[in-house]
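Peer 1: Sharing a sequence plus its predicted fold:
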Amino acid sequence: MSQDEIIKEVRAIREAYAEQFGFDIQAIWRDAKEQEGKSGWPVIALEPKHIPVAIERPEVQTQEPA
């Protein structure tokens, strides 16, 4: 299966961007937030969605080793 040229280009750009920050995800995040602030676009922070508590299930019976 051949790879799409656009996908190759996007992945190369992403790799080069991450390399600028030594692949440090926190440094990448800080840069993204800085660029976000400079963009002039409004930033909307949404409240986190409520995640329902897991449904309790009966405990699984395990056999003790003999």
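Peer 2: Arrived safely.
Peer 1: make it CA atoms for all contacts and neighbour counts henceforth
Peer 2: Noted.
Peer 1: Spell out for me which residue occupies the centre of this structure.
Peer 2: Centroid-nearest residue in the chain, with CA atoms, centre = their mean: I25, separated by 9.7 Å.
Peer 1: what about the closest residue in space to that residue that isn't next to it in sequence, which helix or strand?
Peer 2: Nearest residue to I25, sequence neighbours excluded (CA to CA, 6 or more residues apart in numbering): A18, at 8.0 Å. Following DSSP states H and E, one finds A18 within helix 5-20.
Peer 1: next SSE after that helix?
Peer 2: Using DSSP H and E, the helix or strand that follows helix 5-20 in sequence is helix 25-38.
Peer 1: now what about that following helix, what contacts it?
Peer 2: A18, F21, V43 (CA atoms under 8 Å, 6 or more residues apart in numbering).
Peer 1: Which of those residues sits closest to K8?
Peer 2: Using CA to CA, A18 is the member of the contacts of helix 25-38 that lies nearest K8, at 15.4 Å.
Peer 1: Can you tell me how far the closest one is from K33?
Peer 2: A18 is 15 Å from K33, where distance means CA to CA, to the nearest Å.
Peer 1: Of these two, which one has the most company?
Peer 2: A18 (15 against 12; other CA atoms under 10 Å).
Peer 1: State the pLDDT value of the more buried one.
Peer 2: As predicted, A18 sits at a pLDDT of 97.
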